[in-house]
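Participant: Here is the input, now give the coordinates:
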Amino acid sequence: MKQAGGISGRRPSGAGSGTVLIGALILWLCLGGCCSPPAPPAEKFFDRTTPTGTLKGFVYAVDTHQWDYAYESLSSASREEVGRITFQVAILYLNDPVVGEVPLYDLISSSLRKRGAEEYAGDVARMRVITKARNENGSLVLFPVDLYFCREEKEWRFDLMRSLGR
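Facilitator: The predicted structure is shown next:
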């Protein structure tokens, strides 16, 4: 029996529920993020004129996966020690070598919440931050860490290797 407007209420032959599910999945993926605009470029909002500015730009770049800006925020010594790909893989997939079961990504993302004042000694600056993250057991870990910065080419760069104790 046909309903008003010529729609029978039955599925057309050959259109199984799998086709509908695939279409719904594609729509969900597009609406859920794959079609969202990219984050604004870090260099538009951040500069490296202070250690705090460098840290804010670095954290933003890591959070938004702007790896070139994050890598360029590193000191030349840190860039010589760690290549671009190794840097990105370490941030995304490794745990902090000191704390242990806490991903580096989580520690970096939370490093802006609690931070001390910048302390200067010539072209080197130090800032203590308290990072927090959940370990694999779900326990909250608070971790104080001294971050070091050095002045290079009239900008402050994050000295990753010194901050890691190397």
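Participant: Which parts of this protein are helices?
Facilitator: Assignment of helices within the chain using DSSP state H yields the ranges 17-29, 42-45, 51-63, 67-72, 76-81, 84-93, 104-109, 160-163.
Participant: Identify, out of those, the most deeply packed stretch.
Facilitator: Neighbour counts (mean count of other CB atoms under 10 Å) averaged over each of the helices of the chain peak at helix 51-63, with a mean of 21. Every C-beta, even on glycine, is put in place using the N, C-alpha and C of the backbone.
Participant: Rounded mean pLDDT for it, please.
Facilitator: Here helix 51-63 scores 95 as its mean pLDDT.
Participant: Counting by contacts, list what that helix packs against.
Facilitator: helix 42-45, helix 67-72, helix 104-109, strand 124-134, strand 140-152, strand 155-158 (3 or more CB pairs under 8 Å, 6 or more residues apart in numbering; DSSP states H and E).
Participant: which one of those has the lowest average pLDDT?
Facilitator: What stands lowest among these, in mean pLDDT terms, is helix 104-109, with a mean of 82.
Participant: circling back: what would the helices and strands packed on helix 51-63 look like in CSV with distance to E80?
Facilitator: Shown next, in CSV, are the helices and strands packed on helix 51-63 (distance: least, CB to CB, whole Å):
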stretch, distance to E80
helix 42-45, 22
helix 67-72, 12
helix 104-109, 20
strand 124-134, 17
strand 140-152, 12
strand 155-158, 12
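Participant: just so I know, which of the helices of the chain lies nearest V124?
Facilitator: For the helices of the chain, the distance to V124 is smallest for helix 160-163, at 8.6 Å, taking CB to CB.
Participant: residue closest to the middle of the chain?
Facilitator: D63 (2.4 Å; CA atoms, centre = their mean).
Participant: nearest spatial neighbour of that residue, skipping sequence neighbours?
Facilitator: Nearest residue to D63 in three dimensions, chain neighbours excluded: S109, at 5.6 Å (CB to CB, 6 or more residues apart in numbering).
Participant: wait, doesn't the one you found sit right on V59?
Facilitator: Yes. Between S109 and V59 there is a contact at 6.6 Å, judged by CB atoms under 8 Å.
Participant: separation between the residue nearest to the centre of the chain and S76?
Facilitator: Taking CB to CB, to the nearest Å as the measure, D63 falls 24 Å from S76.
Participant: Kindly report the same for P103.
Facilitator: Between P103 and S76 the computed distance is 26 Å (CB to CB).
Participant: now T131
Facilitator: Noted for T131: a distance of 25 Å to S76, by CB to CB.
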